[in-house]
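# with the sequence up front, the predicted model follows.
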Amino acid sequence: MTETTSAGWLVKAPPRATSLFVSGLFPRRRALVVVLGLLGGVLLAYVWPVRPTDDASALSAAARLLGREPGSAPPQGVAAGALFALVSGLAGSFTAGGLAAFGVVGPLIGRMSLTRRPRSAHALHPLGWLAVGMLPVAAGYGALAGLFGTRLPQFAAADDSGGVSPGPVQAMAVYGAAGLVMLAIGLAAAGALPDPLERVARRFPNAPLVLVGAVLGALPAGRPHPLFRQAALERRPLYGAAAFAFQSAGGLLVTALLFVLLSGVLGAPVQRWLASGPARGAALTASAFLVAGAFTAVFWDLRLLGDLGVLRWPAAPWNG
């Protein structure tokens, strides 16, 4: 692509971004970036410790933070339940189910470092659009939990033939789909795939952030915490919607805090590092999404199928 200057010279125009995460500048060694990103996600899925009670651990951590007995029943009442859901979302961010949200931090830091606007104010813009996509999806599923109750798939048990119960299938479907979305964005950022969000981003520039937020908001549907099961048992749609929304908000608060801290501490060094290589921002974005996407898909699909005996998955020594 060329453009004509005022002096009549033809010069090569810089590539234009097709969406928020695809800048048009691709890493020179894009194959290396893709391979290392995928390997990083697979390795993380291999070494991540097996904690089959991640949801119960988050609930117990929330109970401790709120001064309750670990393992006790979630509190009654809308206000107390909302606070408990928020704190359990904070604790659940450090489990295998919440780790995918951290994959967004790197790309956002890279994007924010390209501006001279105050970092604290500029941080609110992407986080706000993430919330726009996240909270309605989370609240919608919570309302379904309260509306349909124990008829939802995660409450069904395996049949007598020894098949897989619907709960793990739902987890594999939700987390597998989330992983594929992040992989597609990562591959597009690396220039290995056409940008799937190019058309919609032309009309709605913040659509990529809303989409990623919606993906993160759907993650609690893959493995709901006991608090949400209580909402389903009590058949209260509004309570379920509030619980899911506040749990997702708790996870977003952790991501926001990490984002603001890293951008405040590393903002200037990252800006200088990106300025020294035009395609480094694309490499950072691609690597973050590829690692998060590969981890989410492999951990919740291939590794879970291995745990269920459907296929062979090598177990780390500490998970044996």
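Received, thanks.
# all strands for the chain, in order.
2-4, 10-12 (DSSP state E).
# the nearest residue to Phe289 once chain neighbours are set aside - how many residues pack around it?
Sequence neighbours aside, Gly186 is the residue nearest to Phe289 in space, at 3.2 Å (criterion: Cβ to Cβ, 6 or more residues apart in numbering). For the C-beta atoms, the positions are set from N, CA and C on the backbone; glycine is no exception. For Gly186, the neighbour count with other Cβ atoms under 10 Å is 29.
# do the one 10 residues further on as well
Around Pro196 there are 18 other residues, counting by other Cβ under 10 Å.
# so Leu252 versus Pro49, what's the distance?
Look at Leu252 and Pro49: by Cβ to Cβ, to the nearest Å, they are 25 Å apart.
# with Pro27 instead?
32 Å.
# who has more neighbours out of the two?
Neighbours per residue, other Cβ under 10 Å: of Pro27 and Pro49, the larger number sits with Pro27, 23 against 8.
# that one and Ala279 touch, don't they?
Yes: the pair Pro27 and Ala279 qualifies as a contact (Cβ atoms under 8 Å) at a distance of 5.0 Å.
# first vs last residue of stretch 198-211, how far apart are they?
For stretch 198-211, the first and last residues are 13 Å from each other (Cα to Cα, to the nearest Å).
# mind listing what's buried along it?
Of the residues in stretch 198-211, 201, 206-211 count as buried by neighbour count, 16 or more other Cβ atoms under 10 Å.
# any idea where the helices of the stretch 201-320 of the chain begin and end?
For the stretch 201-320 of the chain, applying DSSP state H, counting those that start in this stretch gives helices covering 207-222, 226-234, 237-275, 280-297, 303-307.
# just name the most buried of the ones you listed.
helix 280-297 (a mean of 26; mean count of other Cβ atoms under 10 Å).
# convert the C-alpha atoms of it to CSV, please.
Extracted in CSV, the C-alpha atoms of helix 280-297 (Å, rounded to 0.1, in the frame of the first residue of the first chain):
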residue,chain,number,x,y,z
ARG,A,280,6.7,-6.2,19.3
GLY,A,281,3.2,-5.2,20.3
ALA,A,282,1.7,-7.8,18.0
ALA,A,283,4.1,-10.4,19.4
LEU,A,284,3.0,-9.6,23.0
THR,A,285,-0.7,-9.7,22.1
ALA,A,286,-0.3,-13.0,20.1
SER,A,287,1.7,-14.7,22.8
ALA,A,288,-0.7,-13.8,25.6
PHE,A,289,-3.8,-15.0,23.8
LEU,A,290,-2.1,-18.1,22.5
VAL,A,291,-0.8,-19.2,25.9
ALA,A,292,-4.2,-18.5,27.6
GLY,A,293,-6.2,-20.1,24.7
ALA,A,294,-4.0,-23.2,24.5
PHE,A,295,-4.0,-23.7,28.3
THR,A,296,-7.8,-23.3,28.5
ALA,A,297,-8.6,-25.7,25.7
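# now do it and helix 207-222, the angle between them.
Helix 280-297 runs at 20 degrees relative to helix 207-222, counting by axes from the mean of the first three to the mean of the last three Cα atoms, to 10 degrees.
# show me what helix 280-297 is packed against.
Identification of packing neighbours for helix 280-297 by 3 or more Cβ pairs under 8 Å, 6 or more residues apart in numbering; DSSP states H and E yields helix 30-47, helix 105-112, helix 166-189, helix 237-275.
# rewinding a little: state the distance from the residue nearest to Phe289 to Leu284.
Gly186 is 11 Å from Leu284, where distance means Cβ to Cβ.
# do the same with His125
According to Cβ to Cβ, His125 and Leu284 sit 19 Å apart.
# try Val210
Val210 is 21 Å from Leu284, by Cβ to Cβ.
# cool, Ala242 as well?
Distance of Ala242 to Leu284, computed by Cβ to Cβ: 36 Å.
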